[in-house]
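Asker: Got a predicted model here, sequence first, then my questions.
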Amino acid sequence: MFAVQLGEGAELGPLEPWQAGEFAAHVDKARENISPYIPWADLVTDEEQARKFLQRYATRQAADEGRIYGIRLDGELVGGLLFRVFEANFGACELGVWLSAEAEGRGLITRAGRLLVDWAIGTRGLNRVEWRCAVGNTRSAATAQRLDMVLEGTLRQAFPYRGTIHDLQIWAITKDDWTHRSWA
């Protein structure tokens, strides 16, 4: 129920605290692929931690400050997207993503990302959607490009993670950009 079809057996739907067991199992399976870039992959280590993580997003959604969605492929949770930051009063949000290795290369994140950018700009009326990724995360940067986002700059030494301070790229698309996107 409450899911949007992405095609080829894939769907996008909300992730909620009652799905903590499924989410914990997914993170365990995907950890090696996502943990180099996503800090919460090291924090969600069991069902209790998964429930706490999902509850934070449920609370944030109730306050209109964030949301989390899962991508299922043939019924199995393989990744997701989240509005890590959602500031309706300022007209801006940040979209983050993750995906299991076995689901890569199918365009799932691009298709789901388009839906969520369209929702943020078209339905909610936000003016700007940001995308942040570590400089070495070429798959993430390529997805931002497929969403017609513009690389606005690099924050030098802005992302301390696992004992290294990484540079962070800032990509974004505005309402004007979205209206004139190349693939509309």
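Answerer: Okay, I see it.
Asker: Tell me where the chain has strands.
Answerer: In the chain, the strands defined using DSSP state E lie at 4-7, 10-14, 67-73, 76-87, 92-99, 128-134, 150-161, 164-174.
Asker: From the contact counts, what lies against the second one?
Answerer: Under the contact criterion of 3 or more Cβ pairs under 8 Å, 6 or more residues apart in numbering; DSSP states H and E, the helices and strands touching strand 10-14 comprise strand 4-7, strand 67-73, helix 108-118. Yep, even glycine has a C-beta here, placed from its N, CA and C like the rest.
Asker: how far is it from where the chain is centred?
Answerer: Taking Cα atoms, centre = their mean, to the nearest Å, the mean C-alpha location of strand 10-14 is offset from the chain mean by 13 Å.
Asker: List the strands paired with it, with their directions.
Answerer: Within its sheet, strand 10-14 is paired with strand 4-7 (antiparallel), strand 67-73 (antiparallel), according to DSSP bridges.
Asker: could the strands of the chain go into TSV alongside mean neighbour count and mean pLDDT?
Answerer: Below are those laid out as TSV (neighbours: other Cβ atoms under 10 Å; pLDDT from 0 to 100):
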stretch	mean neighbour count	mean pLDDT
strand 4-7	14	95
strand 10-14	19	97
strand 67-73	22	98
strand 76-87	21	98
strand 92-99	22	98
strand 128-134	21	97
strand 150-161	12	96
strand 164-174	17	97
